[in-house]
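Peer 1: Fold the following and give me the result.
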Amino acid sequence: MKTPVDPVVRLQRRSVDDLRGRISGEVSRLGEIDAAFAAVEADVAAQYRVVAGDWQMPMHGFAQRRRADRARLEAQRRDAMARLDRLRGEAAEAYGKLKAAEDAAERFRDEANAAIALAEQNAADDFALGRFVARKAATARAERRA
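Peer 2: Below is the predicted model:
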């Protein structure tokens, strides 16, 4: 049964689905950042193993670049986490709105079904009352004739 709030329910479902996709994108972006961070850490470890045997090899420039890479990746991770937290908050709000709209649609359906059931019951009662009145009238006519 269609309800007046069905368009709102569809809109909210689309909104929740869109947010779900955006959250998935942010989670994958966090995975990419973590993989890049792990690659930087592995590169640093490899370079330190190479340099460990030769104390005269300059390491400062490499270490500064890798520290800058780490800082950049940590900043990107913080930004992605902030976006993810914001999206999760939006998703919770959108899901709450969706549930409210679905509940309103369900209440409308329940009320419509109750009204239909009441109308059917009233029709059955009217039919039964009509039969009762007709029998009563027939009984009264029969008693008057007798």
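Peer 1: contacts, neighbours, all on C-alpha from now
Peer 2: Fine.
Peer 1: Ala105 and Met1 touch, don't they?
Peer 2: No - the pair Ala105 and Met1 fails to qualify as a contact (Cα atoms under 8 Å) at a distance of 9.5 Å.
Peer 1: who has more neighbours, the two?
Peer 2: A direct count of neighbours by other Cα atoms under 10 Å for Ala105 and Met1 places Ala105 higher, at 20 against 9.
Peer 1: and Lys81, how many residues sit next to it?
Peer 2: Wrong residue type there; residue 81 is Met, not Lys. Per other Cα under 10 Å, the neighbour tally for Met81 reads 16.
Peer 1: give me every residue that touches it.
Peer 2: Leu30 (Cα atoms under 8 Å, 6 or more residues apart in numbering).
Peer 1: Quick check: buried residues in stretch 86-104?
Peer 2: Buried residues in stretch 86-104, counting neighbours by 16 or more other Cα atoms under 10 Å, are found at 87-88, 91, 94-95, 97-98, 101-102, 104.
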